[in-house]
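Asker: I need the structure of the sequence given here:
(2 chains)
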Amino acid sequence: MLALISISLIHNQDDHDKLTEIYKLYSGTMLYVAKSILHDNHLAEDAVSEAFIRIIDNLDKIEEVNSYQTRSFVVIIVRNISLNILKKQKHIELQDDFTSYSEDEDSFLDTITAMELYDKIVETISKLNKNYSDILYLKMQMKYSYDDIAKILGISKENAKMRLSRARKALKEQLLKEGYYYEQLYQK
Amino acid sequence: MNNCTKSEALFDAILEVAVGEAFQKEMNELPSNEELNKIYKPSPELDKRIKRLIIQRNRKLKMKRLARNFGKIAAAICIMFALSFSILLNIEATRNLIFNLVVEWEEKYTELRFDESNTYNDIYIRPTYLPEGFREKSVNNTGQITIIIYSNDAGVEITFTQRTTIKGTMLVDNENTSFTEVDVAGNTGYLFKAKTEDDLNELIVISNGILFKLTSKIGSDQLLLIAESIKK
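Answerer: A predicted model of the protein is given here:
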C-alpha cells in the first residue's frame, strides 16, 4: 500500500517538475507570441495563463520538454488562444482564406515537377492563415487524431475536420491562383 | 488507382514533408527561448497564477489516483489487518496514515461546487465603495471574464474578477489562508484570510449567476465592504 501511495506521489512530482520546466523554458516565447498578436501585456498574460491550462490538459503529448516538437506545440496553443481572444476583443471574424474552390475547375496547364511544387507548397503554407497552417502541421506532421487536435485547439472534432478541409482547399486554391495544379503531376 | 487518386496521394505525400519544413522555417525565425525569456518576463501575478494551476493540477491528479488506487489500498489494508498480529505495523497506525494523507490534501484546498451554468457576455460591474486612495488602474474584458485592477499610491492592488459560473467545481488554494463563510448582502461569501503578510486575502461571492472574486493584501473587512457595495 505504501508503495502504491509512493508511486502516485512520484508520478505527481514528475508532472509537477515537467510543468515547472515548461513554464521556465517557454514563458518568454509564450508571452512573445501572445503579445505579437494582442499588443497588450494584460491580455497576453491572460492568453499565456489560458494556454498553460490547455498544456496541462495535453501534458501526456509532451515527452521531452526542451525539444523542437514541444516548442512548436506550445507556440501553436498560445497562438490559437491569442487569436481567439483577439476575435472576441475586436468582434471580428478572422480572415478566412477559403473561397470557392472546385475540384472540376480548369487548371493552368503548366509543366511542373514535384520539386517545384514542393517549394511552392512550403512558401504558400507560410502565407496561410495561422489557424490553417497550424492544423496542417498537427495533422500531417504530428499525426494527431481529430480528437487530439480538438483537445489541443479547444474546438469540436467536427470543427477540426472542417478546418483541416478548409486549410487544404485554401492551399490548393492559392496554388491554382499561381498556376500550379497538382493533378498535373501524375498525368505527365 | 486512377490519375486523380494518384495525384491526391502524391500531393499528400509532398504536403506532409512541406508542412514540416514550413513550420520549421517559421520556428527557426523565432528568437531563442533564452533570448525571449530575457526580454519577456512574466509578471509576479502571472507567476502566481501558473503556480496555482500547477498545484491544482497536482491535487486533482492525486485525488484521481487515490480514488483509482482505493480498491487496491482497501485490499492492502485487509491483508495488513490479517497480518497485523505478526507485524509491527498495527491497524491503528495504518488507518492514521491513510487518514492523515486525505486530510492533508483536503486541508490545502477548498472545493466550491457550482450546480448551474450561466452565460452573460460583457459583464462590467463596479463596486460603489473603494477604500480611500484606491482608483481604477486597468480593465480587461475577455468575453465572459472581466478583471478590474484598483491600486493606491503605495502600489497596493485590489483585483476584482467577475465571471459567469460554469457547472462544475472550483478549487481554491487555502494552504496559507484560513477559510470561513461570511454573509455578503444576503449571499454566501467565501473568505480566505491570509495567514501571513505576504499572502493575499480572497473573497468569493456568487450572486445571480455571476462569480465575483476580490483579491488583495488589504484587510478582509475592507474586502467585505467592497463586496457588499457590488450591485448587479
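Asker: Where do the domain boundaries of the chain fall?
Answerer: If you meant another chain, say so; for now it's chain A. A:1-93, A:95-188 (automatic domain parsing).
Asker: Hmm, no, I was thinking of chain B.
Answerer: If you go by automatic domain parsing, chain B breaks into B:47-108, B:135-228.
Asker: Could you tell me the least trusted of these?
Answerer: Ranked by mean pLDDT, the domains of chain B end with domain B:47-108 in last place, scoring a mean of 60.
Asker: which residue ranges form the helices in chain B?
Answerer: All helices of chain B, identified by DSSP state H, fall at B:3-29, B:33-39, B:44-83, B:91-107, B:220-228.
Asker: what's next to the shortest one, contact-wise?
Answerer: Outside helix B:33-39, the residues that touch it by C-beta atoms under 8 Å, 6 or more residues apart in numbering or on different chains are A:24, A:25, A:26, A:27, A:28, A:29, A:31, A:32, A:71, B:30, B:31. For every residue, glycine as well, the C-beta is placed using N, CA and C.
Asker: And those residues, which is closest to residue B:136?
Answerer: residue A:31 (24.5 Å; C-beta to C-beta).
Asker: Make JSON lines from the domains of chain A and add distance to residue B:26 and mean pLDDT to it.
Answerer: JSON lines is the format used below for the domains of chain A (distance: least, C-beta to C-beta, whole Å; pLDDT from 0 to 100):
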{"stretch": "domain A:1-93", "distance to residue B:26": "8", "mean pLDDT": "82"}
{"stretch": "domain A:95-188", "distance to residue B:26": "6", "mean pLDDT": "75"}
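Asker: Let me know how buried residue B:14 is, in neighbour terms.
Answerer: Residues lying near residue B:14 (other C-beta atoms under 10 Å in any protein chain shown) number 19.
Asker: Can you tell me how far the nearest residue to residue B:153 once chain neighbours are set aside is from residue B:158?
Answerer: Excluding the flanking residues, the one nearest residue B:153 by C-beta to C-beta, 6 or more residues apart in numbering or on different chains is residue B:133, at 6.2 Å. As judged by C-beta to C-beta, to the nearest Å, residue B:133 and residue B:158 stand 11 Å apart.
Asker: Settle it for me: which of those two has more neighbours?
Answerer: More crowded of residue B:133 and residue B:158, by other C-beta under 10 Å: residue B:158, with 25 against 11.
Asker: in the sheet, who's paired with that one?
Answerer: residue B:150, residue B:216 (DSSP bridges).
Asker: quick one: contacts for the closest residue to residue B:16 other than its chain neighbours?
Answerer: Leaving aside its sequence neighbours, residue B:16 sits nearest to residue A:140 (C-beta to C-beta, 6+ apart; 4.7 Å). Residue A:140 makes contact with B:12, B:15, B:16, B:19, B:20 under the criterion C-beta under 8 Å, 6+ apart.
Asker: can you rerun that using 7 Å?
Answerer: B:15, B:16, B:19 (C-beta atoms under 7 Å, 6 or more residues apart in numbering or on different chains).
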